[in-house]
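*Asks:* next comes the sequence, and after it the predicted model I'd like to discuss.
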Amino acid sequence: MLATITNIDSKRRESSLTLSWAVEQLYKTLDGGPLRKAQVVRLMLAWGNYGYAAGASYLCQIVQCAQSPEYKRYLECGTGVSTILLGVIARHCGGHLTSLEQNQHWAEHMRRVVSNLGLTQWVDVRYCPVVERSGDYDWYCVDVSELSDIDLVICDGPTSQTRGGRIGCLYELNHTLNAGATILLDDTHRKDEQAAIAQWSQTRPISTQTFSGLWSKHSKVTIRS
Ligand SMILES: C[S@@+](CC[C@H](N)C(=O)[O-])C[C@H]1O[C@@H](n2cnc3c(N)ncnc32)[C@H](O)[C@@H]1O
């Protein structure tokens, strides 16, 4: 059953003037150097969707990685304000973003936003329902062989009620991620996400750094050789 996106009409309005203005400020800052937290917070405020949108600390971590030259091909699980931020950085830095979205209405909404902001060339939003992938977890229905050369994964989905949580991220992408690739996993204050990292470490050699935001934690998981 398709989950309801609350207040999608107000989300449409949010995606207009204030958002365009906040995005314009991002480009101006990028022309002069790295993005600052104030610009990221401005974008968050313009976006709204509180309760679902990524927090400032996680978004700043995304900025830090996406702006660094070793990451050029980004894969995002769970779309929203992070999609806009990554799209703007991809456009400015010559990167590309593929975004997986499990909710059809939200995917259509995100495609419209991406198009209105002139980011279609840099952002590919794909509607991928969450389906059974193995005996013990569900994940996005996507052909992973099409997702080669990914060096940065932004893992903020599927939603928390998904069977197995976000554990499928490394299991499904294992063969496409080379040493040095990084997964930015949000919500690692939660037991399911902590368990995912513990199980990933049985699959691949990884190093993990965890950061605290205002309300939550997130982790940078790097694949080692
Ligand atoms: C944690 S959210 C992803 C947030 C995104 N990375 C961002 O920075 O805004 C995970 C999923 O929640 C769903 N979602 C987003 N906004 C929603 C809303 N207002 N109501 C219900 N579901 C929502 C979407 O399917 C999304 O992929």
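*Replies:* Noted; the coordinates are in hand. Since the structure is predicted, the reported quantities are computational estimates derived from the model, not experimental observations.
*Asks:* so who does the residue in the chain that the ligand sits nearest to touch?
*Replies:* Relative to the ligand, the nearest point of the chain is G80 (1.9 Å; Cβ to the nearest ligand atom). Any C-beta I mention is one placed from the backbone N, CA and C, and that applies to glycine too. G80 sits next to 47, 49, 52-54, 110, 156 when contact means Cβ atoms under 8 Å, 6 or more residues apart in numbering.
*Asks:* can you list the residues of the chain near the ligand?
*Replies:* By the rule Cβ under 6 Å from any ligand atom, the part of the chain lying against the ligand is 3, 5-6, 49, 52-54, 78-82, 101-103, 106, 156-157, 159.
*Asks:* sorry, back to before: for the residue of the chain closest to the ligand, give its distance to A53.
*Replies:* 5 Å (Cβ to Cβ, to the nearest Å).
*Asks:* and the longest helix seen in the chain, average pLDDT?
*Replies:* The residue-count maximum for a helix in the chain (DSSP state H) belongs to helix 17-32. The average of the pLDDT scores along helix 17-32 is 93.
*Asks:* same for it, what does it pack against?
*Replies:* helix 37-47, helix 81-93 (3 or more Cβ pairs under 8 Å, 6 or more residues apart in numbering; DSSP states H and E).
*Asks:* so which bits of the longest one are buried?
*Replies:* Yep, that's helix 81-93 we're talking about. Using 16 or more other Cβ atoms under 10 Å as the test for burial, helix 81-93 gives 81-92.
*Asks:* so what sits against both of G80 and A53?
*Replies:* Counting by Cβ under 8 Å, 6+ apart, the shared contacts of G80 and A53 are W47.
*Asks:* about what we covered before: what's the closest of the helices and strands packed on helix 17-32 to E172?
*Replies:* E172 sits nearest to helix 81-93 of all these, at 19.4 Å, using Cβ to Cβ.
*Asks:* any idea of the mean pLDDT for the closest one?
*Replies:* Taken as a whole, helix 81-93 has an average pLDDT of 98.
*Asks:* thinking again about what came up before, mind putting the contacts of G80 in JSON lines, pLDDT, neighbour count and secondary structure included?
*Replies:* Shown next, in JSON lines, are these (pLDDT from 0 to 100; neighbours: other Cβ atoms under 10 Å; DSSP: H, G, I helix; E, B strand; the rest coil):
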{"residue": "W47", "pLDDT": "93", "neighbour count": "24", "secondary structure": "helix"}
{"residue": "N49", "pLDDT": "92", "neighbour count": "18", "secondary structure": "coil"}
{"residue": "Y52", "pLDDT": "95", "neighbour count": "16", "secondary structure": "coil"}
{"residue": "A53", "pLDDT": "96", "neighbour count": "17", "secondary structure": "coil"}
{"residue": "A54", "pLDDT": "97", "neighbour count": "28", "secondary structure": "coil"}
{"residue": "M110", "pLDDT": "96", "neighbour count": "22", "secondary structure": "helix"}
{"residue": "D156", "pLDDT": "98", "neighbour count": "23", "secondary structure": "coil"}
